[in-house]
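**Student:** A structural model of the following input is requested.
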Amino acid sequence: MFDSLAAHELRQTLPPVDLKAFPSRSPLFEQYRQHYGLDFPDNAKLGHLQHSIGYFDSEQYTVSCQQFVLDESACAGTIFLVHGYYDHIGLYEHLIEYWLLRGFRLIAFDLPGHGLSSGGPAVIESFASYCAALGKLIALAHQAQLPKPWHIMGQSTGCSIIMDYCLEDCGRSEELFDEVVLLAPLVKPYQWWRGSLLHSVLEPFVDGVPRNFVDNSGDLEFLEFVRDGDPLQSRRLSAKWVRALKTWLQRFDALPNCTRALTIIQGTDDKTVDWRYNIAAIQRKFSHVQVHRIAQARHHLVNERPAIRSQIFDILNETISG
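**Tutor:** This is a model prediction of the structure:
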């Protein structure tokens, strides 16, 4: 059984990441894979999947990193995945399976304070630490000469990190990534004015508040797993994270605009981010933005019910060729 104790032990025994190799998997890593469905037991096509885990250092954090590939000799390119707040790689089974069947190599890391990476649960002092981890992973991918073309996609807070990376050096992002895909991107959360005011009042007195597990997907089994079956979930909303978001919003406004092309996929029933404001804000910062709105979809798009996931995968299929 993969529980919080097993997670702690796995975190403590991760080897240094090697993006050129797929070493044998430890019993603890196998438990992790089975718990999150990353062994894909129902898909015989993935029976020969190569899947490895390791860590790299970024600032003061030990960052967990995973790579997946089905056939190295016939690789269509590399997908970089950046997950959202409270998430971790283990929750992206459907998306990982989709890209593997399309012939891509997929690289993903747990944000500091998330999953198997170090740091206080869902705590960060600055979004710059998230961006530094992404930069370090890209540098490691360069060293390993991972197959091109490279594409990058994110979910929610992961999109904030990707946009920061692009806005900091627009030309670099255009050179590195053929396609950038943002799923339910975060600029401002839903009803941000209320949360921001509450944070200003409470921050001097508390370090966080109990997390409210919202119904951010129409897949009831996924919601139940996140709430009751995932030992890597944080149970609190960190006041430091909210402060870091406030600071990042100021940075987002101040960074120069970018000609980088983006694709946004956004659910119309999303009550996690202020999606109407966010899309308009992103369109002001980036000159080429294609927006796909998915009716009745909530926030966690790749963990929505199958009919909605199918729509999302159809858009990805049109956006990124394999």
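**Student:** Let me see the contact set for D228.
**Tutor:** Listed by Cβ atoms under 8 Å, 6 or more residues apart in numbering, D228 has no contact partners. In short, each C-beta sits where N, CA and C put it, glycine included.
**Student:** Look at it and give its secondary structure.
**Tutor:** Three-state assignment for D228 (DSSP: H, G, I helix; E, B strand; the rest coil): helix.
**Student:** Quick check: it vs L186, distance?
**Tutor:** As defined by Cβ to Cβ, to the nearest Å, D228 lies at a distance of 25 Å from L186.
**Student:** Y36 now?
**Tutor:** 23 Å.
**Student:** A128 too?
**Tutor:** From A128 to L186 the distance is 16 Å (Cβ to Cβ).
**Student:** Comparing the two, which residue is more hemmed in?
**Tutor:** Using other Cβ atoms under 10 Å, the more surrounded residue of A128 and L186 is L186, with 26 against 16.
**Student:** hang on, the more buried one packs against G154?
**Tutor:** No - under the contact definition of Cβ atoms under 8 Å, L186 does not touch G154, with a separation of 9.1 Å.
**Student:** overlap in contacts of those two?
**Tutor:** 84, 160.
**Student:** Which parts of the stretch 201-322 of the chain are helices?
**Tutor:** 220-224, 239-254, 275-285, 306-319 (DSSP state H, counting those that start in this stretch).
**Student:** could the ones you listed go into JSON lines alongside mean pLDDT and distance to L146?
**Tutor:** Below are the helices of the stretch 201-322 of the chain laid out as JSON lines (pLDDT from 0 to 100; distance: least, Cβ to Cβ, whole Å):
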{"stretch": "helix 220-224", "mean pLDDT": "97", "distance to L146": "30"}
{"stretch": "helix 239-254", "mean pLDDT": "95", "distance to L146": "28"}
{"stretch": "helix 275-285", "mean pLDDT": "98", "distance to L146": "27"}
{"stretch": "helix 306-319", "mean pLDDT": "97", "distance to L146": "19"}
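**Student:** what about the closest residue to N317 other than its chain neighbours, distance to L176?
**Tutor:** For N317, ignoring the flanking residues on the chain, the nearest one in space by Cβ to Cβ, 6 or more residues apart in numbering is R102 at 7.7 Å. Going from R102 to L176 by Cβ to Cβ gives 20 Å.
**Student:** what residue ranges in the stretch 1-150 of the chain score low on pLDDT?
**Tutor:** Scanning the stretch 1-150 of the chain for pLDDT under 70 picks out no residues.
**Student:** Residue ranges in the stretch 151-300 of the chain under the pLDDT threshold?
**Tutor:** 193-195, 197-206.
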